[in-house]
Structures are given as structure tokens and as C-alpha cells.
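Asker: Next one to model:
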Amino acid sequence: MGAMRLLSAVLLVLALLLHNDAVASFKKTKIAVLDFEQRGESGKNKDMGGIVAEWFTTAMVKDGRFEVVERALLKKIIEEQKLGMSGLIDQNSTAQLGKILGVKTIISGSVMLLQDHVEVNARIINVNTGSIVAAENLRSESSGNLKEAIERLTAKIVKNFPLTGYIVKKRDDTVLIDLGTSSGLQPGMEFIVFKEGEAIKHPKTGEVLDVEQIRTGRIKIVDIALNTATGEIIEQEPKQEIRYGQLVQSLRGTEPVTEEPPAETAKAAPPSPHETSAKATASTPPPTAEAERKATSSSQGAPEAGYKRSEFPPGQRDQLASGGQGPALLPLPTGTFMMGSERFSEKPPHFVKIEHPVHMTVTEITFEEYEKFSLETGSPVPDDNGWGRKDRPVINVSWHDAQAYARWLSKQTGVTYRLPSESEWEWACGGGTGTLYPWGNGFKPGMANCRSCQPGAETKQTMPTRSYPANGSGFHDMAGNVWEWVEDCWVDHYRDASQDQSPRKVSGKCSNFAIRGGGWNSPDKQLSTTSRLGILGDTRSNYIGFRLVKDPHTPLRADEPATQLLPTTAPPMVAAPAPPPQKEEPKPKPTLPSPSESQR
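Answerer: Have a look, this model is predicted:
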């Protein structure tokens, strides 16, 4: 009898150990942290990129949810495979490295050492797509407190990973899970619930590749303790039941809704190298309070639920010769996509190849960034219409003003900045995914600032940049807020258009130029990835701004001084009510009073 009791106790202990191992195995996400690319002044420490990566690794391990690849092993594998240990690696290298290491996520970035501060940019890369799914940025006034700043940055990055756990108790329509405030849980968070099915084995080797996960339902957190939380069952799958012992995984905001593309706008396109969900970048840390932001009513243009604006935009920045830094940039991948549509001036759809890698500004150029140019050159500061300046997009700037700013920024940084071509702009907006909008084929409130984007809560003005989620490539405000100047001369069709990323030119002098993306006063139809209008190049309007491309392949221009601007006597243009939808393809127009007066 005693032997039986002893055997039962041993079996119970083994069962508990096996269960704990299973939980730990499920909870830990395997990741790799590359050495950060070091830029700027080398200073005393030439291995700051490696030190920053080591601090990241330590902080991720301390969090308890991550299994981080040991850096010595990582370095050995990278040397054997002849891959880059630091900075941003390309899509093929990312996929190759992820497969070898058995990780689905890689963290990389850069550390810039400057005279008065240190800037660190970190990126989460999905190894399956090679896409940046989230990015964070910090600045530290000295390297002395950089370690503590890295720990804060790691805490921000951790928020981009889902929480995972188990149901430890079920009663009626509620469940208890093994996650609490210690895991970062908050009331209202939603979790999907699933059970493990059959093992997925390789047909030849018999190796277990994965375990089938069968969704059983969804829960919403209603009460939280230190190590546990109570969830209310809000959805249960047909023929499935949520039970004790099943797995839970947190959702960011709401789940994506499957949308059927409208028959007249759906089009086939080759796979995009930056085809990721805009939702992946929509869970960023809470912003620092801003007086200007507070002045805007919280009910105006409310973004998608779950999105929170980060304090600084992600991306790399160039140092300015006059001091400070230029606008934040993200890489624009290369690839081929179907440009245009079967609608009005967007015809005919045609394939375009983006062959030369460039960087694009994360947002439109802001008042704060443009004012540096105005102060340096003595150029007039554009009117803000009383809406505020700082990180709102600069408005009341003509195509020629945008060109002057680009020339100034090129001279300040020593590398060419220019307006994007229409093809580069549409590719960055999300044209490569083949969807009607940057976020999908169906219109979705809370994703942009436009006249019909938030029924009953129209802003009727610009919003600070990054007030809404980024698209799959990390670019903000590609749809709405302000129309954006591009390099191309305006032609009201794509017949004989270039099949590369070069801008459209016309014989003789070009007076009208293309604008893209829609503005705060546009109907939602003008926010599509393919929407385009033509407007007189010296127009200054409160619904037009611009963003730039950094292009190392184009030589610096020295033909015109950066201070050569058109006079600022042209008054801002005022939007007029939109007419009934056009039934015919519009004819070329010498001017265009307002985007709301033309339906492409």
C-alpha cells in the first residue's frame, strides 16, 4: 500500500513537471537579436552596437516570455552563412537566418552616436515576410544612462508580442487564466482560445514540425489579479467548446474582418515583399502628453481601437550640417506591382518595377521640419490656418516650395532628397498588395483623417502626423490628412506610362503636377491606393503637403539655390462641396480648385 502511495506521488510530481514544461515551452517566444549597426561618431567605444544588442538580449530574457538565441551561437551561424551580423538584413537573409535558428522574429536596428545625444532605432522583423512589423525609437542625452533607456525601449517592444497562457479553471460563462498584472494584462483585452490537435509531421522524415491549433472561441478580460485573470466568454466556435487546459493568446485590438473586394476594383497583383497587416504596427506605447494634441478634441477623428501614437516616429535620420536631424525614414522595398485601376485617370492598369532601393519619410514633412528650412534660408513660414504647427503636416506649400525644401535638405545631408514618383508613392502606399486601401479592400473607419472617415466626428482640419495606424510598410498617413505632391507631371491617363520608378515627363514646360492620397476634406473614395489628381504646380492649399524620398542613386543637384521660392501671395484654397459622381472620364484641367470637386 505504501509503495502504491509512493508511486502515485511520483507520478503526480512528474505530471506537474511535464505540465509546467509544456506551459513554459508554449509561453516562450524564440527570437534572435542582431548586433545593432553603429553610426555617427565612434567615440571611445567602437562596439556600442554589440553592447546595445547585449542589453536588449538581457532585458528580453528577464521578461520571462522569450527564448533568445545565444549571441555566440548567433555570431557563429552568421559567419558560417556569410550573412551580416549587424543592422538591417535583406528579406532573403532574414528568411534564411530564421529557418536556421528556428525563430520567427528577429530584432535589429541601429545606434547613432552624436555629439549631444545617442539615438537607438529598433525593429521587429517577421522572418517569413522579411517585413518590419513594428519599430521603436529612443533618444538619450548621454551614454551613461543608455542602459536604463534600452530597458524602457525593450518594454515598448515587448508590447508588440502577444501574451500566451492557459485556462486553469472554467465556471459557466467565465474562465480563469494563468496571466495577471505581472504579465502586463489590462481590463478589456481579448484573447483567442484554441486547443491542440494532431501533430504536423514531415511526410518523409517523420519530424514533428508543429502541432495543429484548433480555435474554440474568444474571451474578454473583466477582472485581474497579480498572477491570474478572469475572462468572460464572448464567442464560442460552432461544434467547439472552451474548456480547462486550453491555450489562450492575446489579440491586438479587434481581429481583422475578412473583406470581399468590390468587383469593379479588385485586381490581380504579384506578391508584395512588404505585404503585412497594418495592424501589426498598431500597438505602440502611450504618447507623451502634448499641449497641441490636447487642444484637439478627443472625439475628433478617433483612430482605430487599440492604436496608440508613439512619442517618436520610427526610422533612421540623417544629421543636418546646421545641427539637428532630418525627417525619419524607412526603407522602400524593391519589387514589381500592378499600378493603377480601371477607373477614370487611373487607366490602364500596368505593371511597374521598383528596382532601385530608396528610403521614404515615415510621414509627411511636418511644420517643425519645414521651419528649420525657413529659418536657415529666410523663406516665409507657411500659414497653418490656426490649426497648430509642430508635428502637423506642413500645408499651404506649392510643388515648387516642396522642391526647394528637398534641395535644401540634400545640401544639408550630402545625399539627394526628392519628391517621390507616382509609382514609388503608390508602391509605398500599398499598391503592391492589390488592395483598394492601404489596410484592405473595404473602407474602415478610424484608419485615416478624411471627410467621411469618422461619421459624426469629422475633424475639418489636419491632424498631427501618426495619429492613425501605419500601413504594412510602416508609413503613416499615406491615405488622408493631406494630399501629397509627387514629382510627376500630370497626365490624365497611364497610356505609354513608364514601367519603372521614374516620374512622368511631358514635352515642353510642365505646369500641372500630380497629387496623391486624399486629404482631410476628401470623401473616402479618394483615399484609395490608386487615387490621383492633377493640380497647378504653384497652388498653395490647406489640404496639400508632401513627403520626400532619399535617393542615393541620384547625383546632388546644384542648378538652383535652395532659397529660390515663388512669392507667397497666393491665398490658401478652400474646399467646396463635392458634386455628384462623374459618369465620364474627366478631361484635362489647367487648375483644380479642390480635391472634393473632382472624383478622379
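
Asker: So which bits of the longest strand seen in the chain are buried?
Answerer: In the chain, with assignment by DSSP state E, the single longest strand is strand 208-224. Across strand 208-224, burial judged by 16 or more other Cβ atoms under 10 Å covers 216-219, 221, 224. Every C-beta, even on glycine, is put in place using the N, C-alpha and C of the backbone.

Asker: for it, packing partners?
Answerer: strand 174-177, strand 190-201, strand 229-236 (3 or more Cβ pairs under 8 Å, 6 or more residues apart in numbering; DSSP states H and E).

Asker: could you give the angle of that strand to strand 190-201?
Answerer: Here strand 208-224 points in a direction 160 degrees away from that of strand 190-201 (axes from the mean of the first three to the mean of the last three Cα atoms, to 10 degrees).

Asker: Mean confidence (pLDDT) on strand 208-224, please.
Answerer: For strand 208-224, the mean pLDDT works out to 84.

Asker: Distance-wise, check A122 relative to E364.
Answerer: 24 Å (Cβ to Cβ, to the nearest Å).

Asker: So which of the helices and strands packed on strand 208-224 is nearest V352?
Answerer: Closest approach to V352 among those (Cβ to Cβ): strand 190-201, 38.2 Å.

Asker: Could you list the residues in contact with that closest one?
Answerer: 163, 167, 175, 177, 207-221, 231, 234, 240, 242-243, 246-251, 254-255 (Cβ atoms under 8 Å, 6 or more residues apart in numbering).

Asker: Which neighbours in the sheet does it have, and how are they oriented?
Answerer: Using DSSP bridges, the strands paired with strand 190-201 in its sheet are strand 208-224 (antiparallel), strand 247-250 (antiparallel).

Asker: which is the next helix or strand following the lowest-mean-pLDDT helix or strand in the chain?
Answerer: Sorting the helices and strands of the chain by mean pLDDT, DSSP states H and E puts helix 291-295 at the bottom, at a mean of 39. Tracing the chain past helix 291-295, the next element assigned as helix or strand by DSSP states H and E is strand 329-332.

Asker: continuing past that following strand, what's the next helix or strand?
Answerer: strand 335-339.

Asker: helices or strands up against that following strand?
Answerer: Against strand 335-339 (3+ Cβ pairs under 8 Å, 6+ apart) you get strand 350-354, helix 422-429.

Asker: Could you say which of those is packed most deeply?
Answerer: Across the helices and strands packed on strand 335-339, the average number of neighbours (mean count of other Cβ atoms under 10 Å) peaks for helix 422-429, which reaches a mean of 27.

Asker: quick one: contacts of the following helix or strand past that helix?
Answerer: The element immediately downstream of helix 422-429 (helix or strand, assigned by DSSP H and E) is strand 483-489. Around strand 483-489, the neighbours that count as contacts under Cβ under 8 Å, 6+ apart are 364, 397, 399, 402, 418-422, 425, 503-506, 510, 512-519, 522, 533, 543-547, 595.

Asker: Could I have the PyMOL command that selects the buried members from those?
Answerer: To isolate the buried ones among the contacts of strand 483-489 in PyMOL, judged by 16+ other Cβ under 10 Å, type:
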select buried, resi 364+397+399+402+418+419+420+421+422+425+503+504+510+512+513+514+515+516+517+518+519+522+533+543+544+545+546+547+595
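
Asker: on that earlier part again, can you list the strands paired with strand 190-201 in a markdown table and add distance to L138?
Answerer: Below are the strands paired with strand 190-201 laid out as a markdown table (distance: least, Cβ to Cβ, whole Å):
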| stretch | distance to L138 |
| --- | --- |
| strand 208-224 | 29 |
| strand 247-250 | 24 |
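
Asker: which element is E376 on?
Answerer: helix 367-377.

Asker: what does that helix rub up against?
Answerer: In contact with helix 367-377 (Cβ under 8 Å, 6+ apart) are residues 320, 322, 324, 326-327, 379-382, 384, 389-394, 397, 404-405, 408-409, 412, 562-563.

Asker: Try it again at 7 Å.
Answerer: For helix 367-377, contacts defined as Cβ atoms under 7 Å, 6 or more residues apart in numbering pick out 322, 324, 327, 379-381, 384, 389-392, 394, 405, 408, 562-563.

Asker: buried ones in it?
Answerer: Under the neighbour-count criterion of 16+ other Cβ under 10 Å, helix 367-377 has 367, 369-374, 376-377 buried.

Asker: what sits opposite the closest residue to G474 other than its chain neighbours in the beta ladder?
Answerer: Nearest residue to G474 in three dimensions, chain neighbours excluded: L330, at 4.8 Å (Cβ to Cβ, 6 or more residues apart in numbering). Note on L330: beta-bridge partners by DSSP bridges are M360.

Asker: Surely G217 touches K239?
Answerer: No: counting by Cβ atoms under 7 Å, G217 stays clear of K239, with 11.4 Å between them.

Asker: hang on, the earlier thing: can you tell me which of the helices and strands packed on strand 335-339 the model trusts least?
Answerer: Note on the helices and strands packed on strand 335-339: lowest mean pLDDT is at strand 350-354, with a mean of 89.

Asker: Parallel or antiparallel, list what pairs with that strand.
Answerer: In the sheet, strand 350-354 lines up against strand 335-339 (antiparallel) (DSSP bridges).

Asker: quick check: angle from the partner strand to helix 422-429?
Answerer: Using the same axes, to 10 degrees: strand 335-339 against helix 422-429 is 100 degrees.

Asker: CA atoms only: put strand 335-339 into CSV for me.
Answerer: Only the C-alpha atoms of strand 335-339 are listed here, as CSV (Å, rounded to 0.1, in the frame of the first residue of the first chain):
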residue,chain,number,x,y,z
GLY,A,335,9.6,44.7,-56.3
THR,A,336,7.0,44.6,-59.1
PHE,A,337,3.4,45.5,-58.8
MET,A,338,0.2,46.4,-60.7
MET,A,339,-0.2,50.2,-60.8
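
Asker: Now the helix holding E376: average pLDDT?
Answerer: Here the average pLDDT along helix 367-377 is 92.

Asker: Bridging across strands, which residues link to the closest residue in space to I234 that isn't next to it in sequence?
Answerer: Spatial nearest neighbour of I234, chain neighbours left out: K220 (5.0 Å); criterion: Cβ to Cβ, 6+ apart. Taking DSSP bridges as the rule, K220 bridges to E190, E232.

Asker: Done for today, thanks.
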